[in-house]
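**Q** Here you go, sequence then predicted model.
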Amino acid sequence: MSTGEPAPTVYVVDDDPDVLTAIDRLLQSVGLNVATFPSPHSFLERYDPHAPGCLVLDLALPGFNGLELQRVLEQHTGLLPIIFLTGHGDIAASVQAMKHGAADFLTKPVDDAVLIAAIQEALTRDRTLRRERGEQQLIAKRLETLTERERQVLEQIVGGRLNKQIAAELGTVEKTIKFHRANLMRKMGVRVVADLVKLAERAGVGATPKDPR
């Protein structure tokens, strides 16, 4: 059953045309969408950061190597999972790649089953990352609808304070706090305080420090 989401694309960047052809045929044989590129520049010209997928990337590319392309993608999107391929078994490079979030690091010639498994895992990771980013963006939009006072009340709620304590802190009455609390919960799309706190914490809304007295 279709989910309405576009099918992911496996991008492959390698300067060896034989490698590109072999991977293209392999992935198409298991029903995956594939787009091959002979260089990082040609890939960047066509890459859409909003499109789901993953990248199979040769490490030792001339001029503009795989690690450099990883840095560019990291700075601009930070989403696309990357599976590095190398024929050199460069341990130092693999460490750098993994530190910057590479999904996997495989040595050429790579076993077909191993490559497919790594790609499937990377595509799952991509779906998870995109879903989480979408949720974060939705939370941020809801936070933007809060008034300054509602935001203050939210911070107090995250800090674990009761309506009476919040009213005292903000110099108002408990009835007013209840009004603001109901409004902000409606705007944030939640019905219970526990869910409100979870959303706020995911958005980085910090708790107001409690009075030590």
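**A** Structure received.
**Q** Under the pLDDT cut-off, which ranges of the protein? List them.
**A** 1-4, 77-78, 88-97, 99-100, 206-213 (pLDDT under 70).
**Q** And it, what are its domain boundaries?
**A** 9-138, 145-202 (automatic domain parsing).
**Q** any chance of those domains in TSV, with mean neighbour count too?
**A** The C-beta positions use only the backbone N, C-alpha and C, and glycine is treated the same way. Below are these laid out as TSV (neighbours: other CB atoms under 10 Å):
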stretch	mean neighbour count
domain 9-138	16
domain 145-202	16
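**Q** pretty sure Phe84 is in a strand, no?
**A** Yes - counting by DSSP: H, G, I helix; E, B strand; the rest coil, one finds Phe84 located in a strand.
**Q** end to end, how far does stretch 103-111 reach?
**A** The separation between the terminal residues of stretch 103-111, taken as CA to CA, to the nearest Å, is 17 Å.
**Q** How about the residue most central in space within the chain: what's its closest non-neighbour residue?
**A** The residue lying closest to the centre of the chain (CA atoms, centre = their mean) is Leu129, at 3.3 Å. Among residues not flanking Leu129 along the chain, Leu79 sits closest, at 5.5 Å (CB to CB, 6 or more residues apart in numbering).
**Q** Secondary structure element holding the one you found?
**A** Assigned by DSSP states H and E, Leu79 belongs to neither a helix nor a strand.
**Q** quick one: it and Asp126 touch, right?
**A** Yes - with contact defined as CB atoms under 8 Å, Leu79 counts as touching Asp126 (7.0 Å).
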